[in-house]
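Enquirer: What follows is a predicted protein model with its sequence.
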Amino acid sequence: MTGKCRLGWGLAVFFLITTLVLAYTFLIQGKTRPSEDGRTAILLTPAERNLVLAEMRSFLAAAQGVVEGGTKSDPAAIARAARGVGATAQQGVPASLMGKLPLAFKSLGLDTHRQFDQLALNAEQMGDPQQAQLDLARVMSNCVACHAAYRIEAEQP
């Protein structure tokens, strides 16, 4: 092997390893550290933290709307509450924030949006408040799992 060939292979391996490390960091691990309470701390700027917490509050408000619609046997109200936090609600998340979130956190969040869409569809098609409560229980299991596994903390400069 000539010196140029070895240098070329060395650079290729270096760039491959660098790409894999960056992909792991941004797609899988995110910007995290272990926290003192046993959960994974996700490190975000104050603005990013506010965005994530606002999304969580919107999930909670939607759950309240689903419950209220169910107590009134109002499938349209159930569907409206659920659809408001469906998949279209997560489209405005900046790529910089998505890179900081661990893959399992992103998966839970995306699945929660999808489940709210399914809840809305079931309410529209079936009109059954009891089914909506079952669907909501399934959605809430994502919320419980997420809060048990993660906490949001401020990045240290």
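Expert: Yep, it's here. What you are looking at is a predicted structure, and each value in this text was computed from that prediction instead of being measured. Numbers count the residues shown, from 1 in each chain.

Enquirer: Can you report how many residues lie near L60?
Expert: By other CB atoms under 10 Å, 12 other residues sit near L60. For glycine as for every other residue, the C-beta is placed from the backbone atoms N, C-alpha and C.

Enquirer: so where's this protein uncertain?
Expert: 1-4, 7-29, 157 (pLDDT under 70).

Enquirer: Which residue lies nearest the spatial centre of it?
Expert: G109 (2.4 Å; CA atoms, centre = their mean).

Enquirer: what about it, helix or strand, and which?
Expert: helix 103-126 (DSSP states H and E).

Enquirer: Please identify the buried residues of that helix?
Expert: 105-106, 108-109, 112-113, 115-117, 119-120, 122-123 (16 or more other CB atoms under 10 Å).

Enquirer: ok, now stretch 43-63?
Expert: By 16+ other CB under 10 Å, the buried positions in stretch 43-63 come out as 43-44, 48-49, 52, 55, 59, 62-63.

Enquirer: partners of the helix or strand encompassing I42 in the sheet?
Expert: Here I42 sits within strand 40-44, counting by DSSP H and E. Using DSSP bridges, strand 40-44 pairs in its sheet with strand 32-34 (antiparallel), strand 150-154 (parallel).
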